[in-house]
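[1] Requesting a structural model of the entry that follows:
(one chain, ligands or ions: 1)
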Amino acid sequence: MKYHSVIVTGRGSPEVFKIVENDLRTPHAGEARIKVLAVPVTLPDVQARYGQSPFKIKLPFTPGYAIIGIVDELGAGVTHVAVGDRVAAFMGYGGYTEYIYWNAAQLIPVPAALDPAEAVTLLLNYIVAYQTLRRSAKVKAGGKVLIIGASGGIGTAFLQLGKLARLKMYGLASPSKHHTLIEYGATPIDYHTQDFVAVIRQAEPNGLDAVFDGMGGHYFARGYSLLKRGGALVGYSNPLSVSRTLKHLSQVVLFNLLPNGRSASYYGTSKSRLNRRPFLEDWATLFQLLAEGKIKPIIAAKFPILEAAQANELLESRRVIGNIVLLAPELL
Ligand SMILES: NC(=O)c1ccc[n+]([C@@H]2O[C@H](COP(=O)([O-])OP(=O)(O)OC[C@H]3O[C@@H](n4cnc5c(N)ncnc54)[C@H](OP(=O)(O)O)[C@@H]3O)[C@@H](O)[C@H]2O)c1
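    The predicted structure follows:
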């Protein structure tokens, strides 16, 4: 039996995508074979294709940061998951495919009642927002925060989690997307025409409790300047190159040396490779929040898995608010 995957064959626009056919094989010992139900289409997928990353993924490769699927067959020695279980995998890349093989010990349990399209957005976009809010900045109810990049996949996760945590939110976004920020109680700022530092200095003269920076560059230092004593800056943007990574890290060190009571940090999901426990706990919490209807991911568009090129084109067009997902055809 055969299955299909989407591969990236060069650095560039979505024309470099190609669909390939593979043989379905029996899983190796310790592996699970998973029939993929849902995959998020994220900015890191796009950046990886253009080679905008400190560590470039070798061509050809299959993008797709994470998946939700159903265990289809097990290799020898796997006992803690069963055929038919709903699971997730968090891989970094490899998700634009109809079937995937993954170390069974690394699978994440997913409640079967959840909509896979919604649940799959929690694996990357929501975990970034949740962990930077809860574990990095530790913002308390009533806290005043700025979200730099408030209309995208991670930004809209911040809006929902921030509303739930009763935060006072400001967000940077293009004007056509301001209605979504307003819907979640945030004050929108148009980064094209407004100086966000001046706007916030006037609105919050005592400073902010936290700034979440999804852009990097000059936003990092300007965001830091808006913090009150005790406030936290958390950057989570892709630094795009080794030199920008080093610049970010040296800024973090410098800002933390300044005797002004503010802190700066840089968040990355790559930490999950060193310590999975906080990730497993937080994914479980997010699945619970979704099951209880306390969060509701905005799904801007759904595409069949093999139409990943069109989905990437839409993400790159920047016309989208929230998330784009790829789904197994039977779910569309
Ligand atoms: N650290 C991690 O582990 C991790 C994980 C996932 C993603 N990321 C990174 O996080 C960043 C954001 O990802 P995302 O998925 O939220 O992307 P996205 O869905 O494409 O959203 C991008 C956001 O940035 C805003 N934006 C674009 N240009 C801007 C500018 N010049 N000034 C201010 N805002 C601007 C957009 O606003 P408008 O569209 O309204 O103009 C939008 O709100 C990316 O760099 C991604 O690689 C990091």
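
[2] This protein against the ligand: which residues are in contact?
    With CB under 6 Å from any ligand atom as the criterion, the chain comes near the ligand at residues 42-44, 47, 124-125, 128, 148-155, 172-174, 177, 191, 214-215, 236-238, 267-269, 318. Where you see a C-beta, it was placed from the backbone N, CA and C, and this is true even at glycine.

[3] so for stretch 130-148, what's the average pLDDT?
    Taken as a whole, stretch 130-148 has a mean pLDDT of 98.

[4] do stretch 275-285 as well
    97.

[5] Show me what that stretch is in contact with.
    88, 90, 106, 108-109, 122-123, 127, 130-131, 134-135, 269, 271-272 (CB atoms under 8 Å, 6 or more residues apart in numbering).

[6] same thing but 10 Å
    By CB atoms under 10 Å, 6 or more residues apart in numbering, the surrounding residues in contact with stretch 275-285 are 66, 88, 90, 106, 108-111, 119, 122-123, 126-127, 130-131, 134-135, 269, 271-273.

[7] next one: stretch 14-22
    Against stretch 14-22 from outside (CB under 10 Å, 6+ apart): 2-10, 46, 49-50, 59-60, 62-63, 96-99, 305-316.

[8] got the end-to-end distance for stretch 297-313?
    By CA to CA, to the nearest Å, the extent of stretch 297-313 from end to end equals 21 Å.

[9] and the residue in the stretch 151-300 of the chain that the ligand sits nearest to, how many neighbours?
    Nearest residue of the stretch 151-300 of the chain to the ligand (CB to the nearest ligand atom) works out as residue 152 at 2.0 Å. Using other CB atoms under 10 Å, residue 152 has 23 neighbouring residues.

[10] And residue 278, by the same measure?
    The number of residues near residue 278, taken as other CB under 10 Å, comes to 14.

[11] all strands for the stretch 101-250 of the chain, in order.
    Ranges of strands within the stretch 101-250 of the chain are 108-109, 144-148, 168-173, 187-190, 208-213, 227-235, based on DSSP state E, counting those that start in this stretch.

[12] How about residue 166: what's its closest non-neighbour residue?
    residue 141 (4.4 Å; CB to CB, 6 or more residues apart in numbering).
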